[in-house]
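Visitor: please work out how this folds:
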Amino acid sequence: MCAASSDLLTIGEVAAIADVAASTLRYYERVGLLPPPGRQSGRRRYDPTVIQRLAVIDVAKRAGFTLDEIRDLLADFDAALPSSERWREMAARKLPEVQALLHDVERMRRLLTDGMWSVRLAGRPWGYPSPFAPPRGPLRAMSSLLFDTLLWKYPSGVTQPWLAHSMEASPDGLQRRFVLHDNARFHDGQPLTAHDVVFTFGYLQERAGTAAAHDVADPGALSAIETVHADARHAVRFRLSRPYAAFDELVAGRVPVLPAHVWAEVADPLALRGPEAVLGSGPFVFESGDGDRGHYRYRANERFFLGPPQLRQVEFTPVDDQLVALDQGLIDAVVLVSDSGRPTAEQLAELHASPRHVVRRRPGEWTRALHFDLRPGSPFADRRVRQALAHGIDRDAMVRRLLDGLGKPASLGGLAPTHPLAASGLAPHGIDRTRAGALLDAAGLTRPPGAGTRLHRAGPWRPKVLTEEADPGAAELVRDDLQRLGVDAEVVRLPRQDCDAALTTGRYELALAGYGGLGSDPDVLRLRLSARVAAANRTRVHGYDSPQFEALAEEQSVACDPKRRAVLVGELQQLIATDLPTLPLYVPDQLTISPAKQIFTAWHPTPGGVWAGGPLNKATFVTGGPR
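Guide: Numbers count the residues shown, from 1 in each chain. Have a look, this model is predicted:
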């Protein structure tokens, strides 16, 4: 017999009575633990008996049953097998697991009593966390737990001494001298000395131009280094060929110091795997991992030169749904910096209202951008065509539809909207399809009578839009907006590795690239766009030919006076917003969601970012809080 309409419960009422998150109820429905609810005016309405079913699920989970086992338990029982016997049978099978679980709980109680904290985060199949891993932000952040740099950006956003305990710069900006901590050791006990620093930069310079070296540090940043030599066992001096304003952040704060006794005999750094490839001096030791599954485990380095980390273990574990995994206690925080796996505004409001969760939201520094084929002869080599797309692609609609309003349209100047040097009043490229059509006509991409497909070289213009399989729908929105302009675009989705390869080599007409770093030193604009910097990175723009840009980009890179540099960076952004060598689309907000009752609570995003890890800053893990 069905419950009366007035007796039915909303999803919010069920969540409140049963003390579970609304996202968990939706998940239980998807996996078959709860029957599909009825609908009234398109909204879920539950029979009150669902409360009893949720209570059974809760008891079974506490007893250690898996969701598959609970689904079997709740299924219709055979008449010959009473439910009490089904319980006994399953309990007998489960008892050894429950006893092992009790052992683990007791071990964890002792660890927590001793102040030993651990956190579990969602993992993905990012690969192996070698320093020469592909330059994906999360993997770089994970590698930084193992390897140290001379300087490091703390959660305050300020780059400070790290492996070096002090630094001196010459008045002309051409020399840097670093004095290392004399108690720094690699994970195998070998001392870290100036020799290892000199070796690291020599090793990278010998492989300049290779993808492996570029994955560690941008050659455009390293090109300012003339010599590196040891002044003493624990002191190293850099001599630069020119002043470099971004040296502290993009060189001293990014290049991981390698153990010379491991890498000296390694000719191909991409081929090294296993314990030696992840042997660094960092605050954590790589304990185990499966990059194909996305499972990684790190333990604290008890001999770390700054003292044992406050966080004793970090684990990345693969999950299907981060919010559900958080609610079930499988992970300790959800960290979202890109446009994938994000909650809707409704879900976020529910999490905000829940006393069981803490939600931290701040402006993002990651973007998904549209890259163009800028080679001579390509329609996109004409600036008017790129400007037409900027007028014709509705970036505000993307923020609404892909991010549910939790973000902003990206700055056309290339920096994060909240960057301290972000320019205001950039060249306007708001949605204006009439203007877009006029620009395409002026570029010779005319539309035949009857509003057909625009012509290019006497044939229909049908460019392909490359994107990765994980793209949440940005490419389709770009395609739809282009079709409104008479451009019959086609979306081609590729596996991430293939898409990265196309972006790295410039083999595309249009391509979507997702990357962070928009809040870091503004020299990233030069490194990403300059034709004078060797391109071996998926974030690079190929074929941008602008003498004015090159002159401004070079001048700001050597300007060590902050006020003068701010003026130059502003002019550089104005030029970029006019030329549009790439079209940044949107910047998602950074979100960190964690339980209200949690031992480790220092989830502090770093202004300016550390790779694309959001709050995954090893300085926080070492100190237990911001600095």
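Visitor: ok, residue 550 - contacts?
Guide: Residue 550 makes contact with 530-532, according to Cβ atoms under 8 Å, 6 or more residues apart in numbering. Every residue, glycine included, has its C-beta placed from N, CA and C.
Visitor: so what's residue 459 bridging to?
Guide: residue 456 (DSSP bridges).
Visitor: now it: how far from residue 452?
Guide: To residue 452, residue 459 is 12 Å away according to Cβ to Cβ, to the nearest Å.
Visitor: the two: which has the busier surroundings?
Guide: Neighbours per residue, other Cβ atoms under 10 Å: of residue 459 and residue 452, the larger number sits with residue 452, 11 against 8.
Visitor: the more buried one - that's part of a helix, no?
Guide: No: judged by DSSP: H, G, I helix; E, B strand; the rest coil, residue 452 forms no part of a helix; its state is coil.
Visitor: can you show me the strands along the stretch 501-627 of the chain?
Guide: Using DSSP state E, counting those that start in this stretch, the strands of the stretch 501-627 of the chain run over 510-515, 582-588, 590-595.
Visitor: in TSV: those, plus mean pLDDT, distance to residue 386 and mean neighbour count.
Guide: Below are the strands of the stretch 501-627 of the chain laid out as TSV (pLDDT from 0 to 100; distance: least, Cβ to Cβ, whole Å; neighbours: other Cβ atoms under 10 Å):
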stretch	mean pLDDT	distance to residue 386	mean neighbour count
strand 510-515	95	10	24
strand 582-588	96	7	24
strand 590-595	88	29	21
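Visitor: for those strands, which one sits closest to residue 337?
Guide: When the strands of the stretch 501-627 of the chain are compared by Cβ to Cβ, strand 590-595 sits nearest residue 337, at 5.2 Å.
Visitor: can you tell me what sits against the closest one?
Guide: Outside strand 590-595, the residues within contact range by Cβ under 8 Å, 6+ apart are 323, 326, 332-337, 342-343, 348, 351, 356-366, 406, 601, 603, 605, 614-615.
Visitor: rerun at 7 Å
Guide: Here strand 590-595 makes contact (Cβ atoms under 7 Å, 6 or more residues apart in numbering) with 326, 332-337, 351, 356-362, 364, 603, 605, 614-615.
Visitor: let's see which of those residues end up in helices.
Guide: Per DSSP state H, helices hold the following members of those: 326, 351.
Visitor: and the contacts of strand 590-595, which are buried?
Guide: Neighbour-count burial (16 or more other Cβ atoms under 10 Å) applied to these gives 326, 332-337, 351, 357-360, 364, 603, 605, 614-615.
Visitor: burial of the closest residue to residue 18 other than its chain neighbours, as a residue count?
Guide: Excluding the flanking residues, the one nearest residue 18 by Cβ to Cβ, 6 or more residues apart in numbering is residue 54, at 4.3 Å. When neighbours are counted by other Cβ under 10 Å, residue 54 registers 22.
Visitor: secondary structure element for residue 54, which one?
Guide: Element membership for residue 54 (DSSP states H and E) is helix 50-62.
Visitor: show me what contacts residue 477?
Guide: 398, 401.
Visitor: got the phi and psi for it?
Guide: Main-chain torsions, residue 477, degrees, to the nearest 10: phi -70, psi -40.
Visitor: right, and residue 399 touches residue 406 too?
Guide: No: look at residue 399 against residue 406 with Cβ atoms under 7 Å: they stay out of range, at 8.1 Å.
Visitor: so what's the spatially closest residue to residue 127 that is not a sequence neighbour scoring on pLDDT?
Guide: Of all residues not flanking residue 127 in the chain, residue 291 sits nearest, at 4.5 Å (Cβ to Cβ, 6+ apart). Note for residue 291: predicted pLDDT of 75.
Visitor: what does the one 5 residues further on give?
Guide: According to the prediction, residue 296 has pLDDT 91.
Visitor: same question, residue 225
Guide: 95.
Visitor: for it, which residues are in contact?
Guide: 201, 238, 240.
Visitor: phi, psi of it?
Guide: Main-chain torsions, residue 225, degrees, to the nearest 10: phi -80, psi 130.
Visitor: ok, now how distant is it from residue 153?
Guide: Taken as Cβ to Cβ, the span from residue 225 to residue 153 is 20 Å.
Visitor: quick revisit: please save the CA atoms from the helix holding residue 54 in PDB.
Guide: Only the C-alpha atoms of helix 50-62 are listed here, as PDB (Å, rounded to 0.1, in the frame of the first residue of the first chain):
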ATOM      1  CA  VAL A  50      13.100   4.300   3.700                       C
ATOM      2  CA  ILE A  51      14.200   5.400   7.200                       C
ATOM      3  CA  GLN A  52      14.100   1.800   8.400                       C
ATOM      4  CA  ARG A  53      16.000   0.600   5.400                       C
ATOM      5  CA  LEU A  54      18.700   3.200   6.000                       C
ATOM      6  CA  ALA A  55      19.000   2.100   9.600                       C
ATOM      7  CA  VAL A  56      19.700  -1.400   8.400                       C
ATOM      8  CA  ILE A  57      22.300  -0.200   6.000                       C
ATOM      9  CA  ASP A  58      23.900   1.800   8.700                       C
ATOM     10  CA  VAL A  59      24.100  -1.100  11.100                       C
ATOM     11  CA  ALA A  60      25.500  -3.400   8.400                       C
ATOM     12  CA  LYS A  61      28.100  -0.800   7.400                       C
ATOM     13  CA  ARG A  62      29.200  -0.500  11.000                       C
END
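Visitor: skip ahead from it and say which helix or strand is next.
Guide: Following helix 50-62 toward the C-terminus (DSSP H and E): helix 67-74.
Visitor: returning to what we had before: okay, and which of the contacts of strand 590-595 map to strands?
Guide: 334-336, 357-362 (DSSP state E).
Visitor: paired strands for whatever helix or strand residue 229 lives in, with orientation please.
Guide: Assigned by DSSP H and E, residue 229 belongs to strand 225-232. Each strand paired with strand 225-232, and its direction, by DSSP bridges: strand 235-240 (antiparallel).
Visitor: how distant is the strand it pairs with from the center of its chain?
Guide: A distance of 32 Å separates the centroid of the chain from that of strand 235-240, by Cα atoms, centre = their mean, to the nearest Å.
Visitor: a markdown table for the contacts of residue 225, including pLDDT?
Guide: Putting these into a markdown table (pLDDT from 0 to 100) gives the following:
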| residue | pLDDT |
| --- | --- |
| 201 | 95 |
| 238 | 97 |
| 240 | 97 |
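Visitor: so which of the residues you listed wins on neighbours?
Guide: residue 238 (24 neighbours).
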